[in-house]
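In: what follows is a predicted protein model with its sequence.
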Amino acid sequence: QVRLVESGGGSVQSGGSLRLSCAASESTISIYSMGWFRQAPGKARELVAALRWSGRERHYTNSVKGRFTISGDNAKNTVYLQMNNLQPEDTAVYYCNADGSRYPPAGDGFGFWGQGTQVIVSS
C-alpha cells in the first residue's frame, strides 16, 4: 500500500505563492497517475491538477490554468504543485492522490490519499 505524505500548505495573501509536495512511501512504478484535489468548506472535493507518470500528460481544472503547475520527480517519488497568484477562492484543504490505473486519477476509494494540507489565501 502506498503512503502519501503532503507538506507545504500555509497562509498567504492574495497574489502570493505556495508549493505543495507529496512524497510517496515507495517507488512510483506501481502508480499510473497522481493528482491534487482540494475541498473547500461546504463544497465537494475537486480535482485541481494531475499528471501521468509515464507520459507528459497534464490536467488542470479551468480555474487554475496558467497559475498552477504540477510536476513529478521519479527519483524522489514526489509530486509537486506550484501555486502562483493565489486567490481567496483557492482556500481549501489540498489532498494528494495516487491512482494505480487511471488518468486523470478518479479520486475514489480505489486510489491512495494523503492526509491533506491546508491552504488559506487572504484578500
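Out: Looks like it arrived, so ask away.
In: quick one: contacts for the residue nearest the centre of the chain?
Out: The residue lying closest to the centre of the chain (C-alpha atoms, centre = their mean) is W36, at 2.1 Å. Shown in contact with W36 (C-beta atoms under 8 Å, 6 or more residues apart in numbering): 20, 22, 47-50, 70, 79, 81, 94-97. Every residue, glycine included, has its C-beta placed from N, CA and C.
In: recalculate using a threshold of 6 Å.
Out: Counting by C-beta atoms under 6 Å, 6 or more residues apart in numbering, W36 makes contact with 48-49, 81, 94.
In: check these and tell me the two furthest apart.
Out: Greatest spatial distance among these (C-beta to C-beta): A49 and Y94, at 10.0 Å.
In: pairing-wise in the sheet, spell out the partners of T117.
Out: Y94 (DSSP bridges).
In: do you know the pLDDT at the residue nearest to S27 when sequence neighbours are not counted?
Out: Of all residues beyond its chain neighbours, the one nearest S27 is N77 (6.2 Å), with distances taken as C-beta to C-beta, 6 or more residues apart in numbering. At N77, the model reports a pLDDT of 89.
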